[in-house]
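Visitor: Mind folding the following:
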Amino acid sequence: MAAVPGVKLDSRDQLLEFLTHLAEYAPGMLKAGEPQFNPTILSFWLGKDLAWEFELALNSIRVELVPRHAVDVFLLNSFWDDLVCVVASSAAKYLDAPEALESLVAQFGGRWKPALQEYKVVYAVKYLAVGPEPAVIGDVEFFPPTDGALAERSISKELVSNWLGEEDIVSLAVTTIMATEKTIFEAGRETIVEALELLRLAALMGLSHRGATDELMQWRLTGNYLAFPTSVPSTGISKGYQRTFRPLVIPLGPHIKHGIENWGLEGVHDLPEEIRERLMRAIHWISHSTTHETDDHRFVDLCTSLEILLLPDENYGEKGSPIALRYCLLGGSLNPPAVKMMYDWRNHIIHGNRLPVVGPRDTWDLRHVCFTTIGLIIGLSRRHPDVDSLAGLIRIVETRTSIEKFIDRADRGMFEGSLLPKIVTVAKTKLKRL
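Guide: Prediction:
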């Protein structure tokens, strides 16, 4: 198998395995409608394990190619969709000619790997005061933007002053990276963020005997950067700004009104006290999920919200299956194995050995599961105003009849996914208790 430029061996093999299986399942996917290729949808057709392997391969390739090579992450995602659609629409061709599949993937590697150059890059860090002495974490040095510190590092004071503008900067970070001219900021971001996290831990440990407040630790990259090619440091200086995670302010009135009216939120405070309090706890975690910078952290908060909503009366060891079952019994329309798979990703985030695990589309899928669950609970409570607890509402839908119907639907192939047997096992266990 020919090497794919810029793609690690294990990632390439995982990708080829996924595309081969996709070619086998493509006719069914295309017949069902326009294919969607996020892991949740893929799990319907390929099962959790292969969908998970594909996501690992995809993330690994993105981590290697996007920060240092790709011109635009959104264009790269679009190319992925194009790649998968080509395979899905020409399944027979790629099943009969594996070399054609390898060639297709090789084209991907070559297309997204322009030449790299070594740069010394200076980043602006907000709210971090290291003091007169620099702090060094690995290849990253944090220092105050004083005249002496800038002169020592051959950085123009005038250039920094013009670049910083009115920003409230208290420290700069400098490191050396390999990048293209268009991806300088993104190429070093992972290194800088990792160094900031180690620096934050060191500060917390150093202040542990004083009861340090977390308000001291809210350091943020501003998005401002300066770059100097190490081969010709006196020329080719570039400066720029890349938007980082920060608030956006646009009029949201119509959207807020739509959300209230379409999801029944206007009546939350009129629900029985225990139900209202549980809903508000779940809403807190959904709301809190929007404050994180990464989808992995958002995803964990959303899983916590689902636990509050769907497991009010039981302390499960394995939570994904009962959550998926109850979501379905309440009336949720998403395939139950997909719900379980999403919850299981929480364990990969918390206990796995690599990040990221999920992406924006996965976060949105899970967020929509939370929205749907809240809407269904509100509607159920309004239809049964005499029930004063969330556990009581769950008992209304979790009956012998409803569970038997779920098992029958599973037996008749109305649900898809390799995780379905585990959910059915939970359903049968509940049936024995009723």
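
Visitor: Please make it C-alpha for all contacts and neighbour counts, starting now.
Guide: Will do.

Visitor: now the helices: where do they sit in the stretch 151-300 of the chain?
Guide: Taking DSSP state H, counting those that start in this stretch, the helices of the stretch 151-300 of the chain run over residues 157-164, 184-206, 253-263, 273-289, 295-310.

Visitor: Those helices into JSON lines, with extra columns for mean pLDDT?
Guide: Output for the helices of the stretch 151-300 of the chain, formatted as JSON lines (pLDDT from 0 to 100):
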{"stretch": "helix 157-164", "mean pLDDT": "77"}
{"stretch": "helix 184-206", "mean pLDDT": "84"}
{"stretch": "helix 253-263", "mean pLDDT": "84"}
{"stretch": "helix 273-289", "mean pLDDT": "94"}
{"stretch": "helix 295-310", "mean pLDDT": "95"}
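
Visitor: Tell me which of those lies nearest to Val125.
Guide: Shortest separation from Val125 across the helices of the stretch 151-300 of the chain is recorded for helix 184-206, at 9.4 Å, computed as Cα to Cα.

Visitor: Using PDB, write out every CA atom in that closest one.
Guide: Extracted as PDB, the C-alpha positions of helix 184-206 are listed here (Å, rounded to 0.1, in the frame of the first residue of the first chain):
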ATOM      1  CA  ILE A 184       1.000  30.600  11.500                       C
ATOM      2  CA  PHE A 185      -1.400  31.200  14.400                       C
ATOM      3  CA  GLU A 186      -3.200  27.900  14.200                       C
ATOM      4  CA  ALA A 187       0.100  25.900  13.900                       C
ATOM      5  CA  GLY A 188       1.400  27.100  17.300                       C
ATOM      6  CA  ARG A 189      -1.900  27.300  19.100                       C
ATOM      7  CA  GLU A 190      -1.900  23.800  20.400                       C
ATOM      8  CA  THR A 191       1.600  24.200  21.800                       C
ATOM      9  CA  ILE A 192       0.800  27.500  23.400                       C
ATOM     10  CA  VAL A 193      -2.500  26.300  24.900                       C
ATOM     11  CA  GLU A 194      -0.700  23.200  26.300                       C
ATOM     12  CA  ALA A 195       2.000  25.400  27.800                       C
ATOM     13  CA  LEU A 196      -0.700  27.700  29.300                       C
ATOM     14  CA  GLU A 197      -2.400  24.700  31.000                       C
ATOM     15  CA  LEU A 198       0.900  23.600  32.500                       C
ATOM     16  CA  LEU A 199       1.600  27.100  33.600                       C
ATOM     17  CA  ARG A 200      -1.800  27.300  35.200                       C
ATOM     18  CA  LEU A 201      -1.200  24.100  37.100                       C
ATOM     19  CA  ALA A 202       2.100  25.300  38.300                       C
ATOM     20  CA  ALA A 203       0.500  28.600  39.600                       C
ATOM     21  CA  LEU A 204      -2.200  26.600  41.300                       C
ATOM     22  CA  MET A 205       0.300  24.400  43.000                       C
ATOM     23  CA  GLY A 206       2.500  27.300  44.000                       C
END
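
Visitor: Just the buried residues of it, please?
Guide: 184-189, 191-192, 195-196, 199-200, 204 (16 or more other Cα atoms under 10 Å).

Visitor: cool, stretch 139-158 as well?
Guide: 140-145, 149-150, 155, 157.

Visitor: Ok, stretch 330-338 next?
Guide: 330, 332, 334-338.

Visitor: Just confirm Val369 is within a strand.
Guide: No: applying DSSP: H, G, I helix; E, B strand; the rest coil, one finds Val369 to be helix, outside a strand.

Visitor: Now do the same contact list for it.
Guide: Listed by Cα atoms under 8 Å, 6 or more residues apart in numbering, the contact set of Val369 reads 332, 334, 339.

Visitor: In the stretch 101-250 of the chain, where is pLDDT below threshold?
Guide: Flagging of the stretch 101-250 of the chain using pLDDT under 70 yields the residue ranges 105-114, 164-168, 211-212, 232-238.

Visitor: Where do the strands of it begin and end?
Guide: Using DSSP state E, counting those that start in this stretch, the strands of the stretch 101-250 of the chain run over 117-126, 135-137, 140-143, 169-179, 220-229, 238-241.

Visitor: Any buried residues in the last one, and which?
Guide: It stands for strand 238-241. In terms of neighbour count (16+ other Cα under 10 Å), strand 238-241 has its buried residues at Lys239.

Visitor: coming back round to it: closest one to Ile256 among the strands of the stretch 101-250 of the chain?
Guide: It is, among the strands of the stretch 101-250 of the chain and with distance given as Cα to Cα, strand 220-229, at 29.3 Å.

Visitor: so what does the closest one touch, helix or strand wise?
Guide: strand 117-126, helix 184-206, strand 238-241 (3 or more Cα pairs under 8 Å, 6 or more residues apart in numbering; DSSP states H and E).
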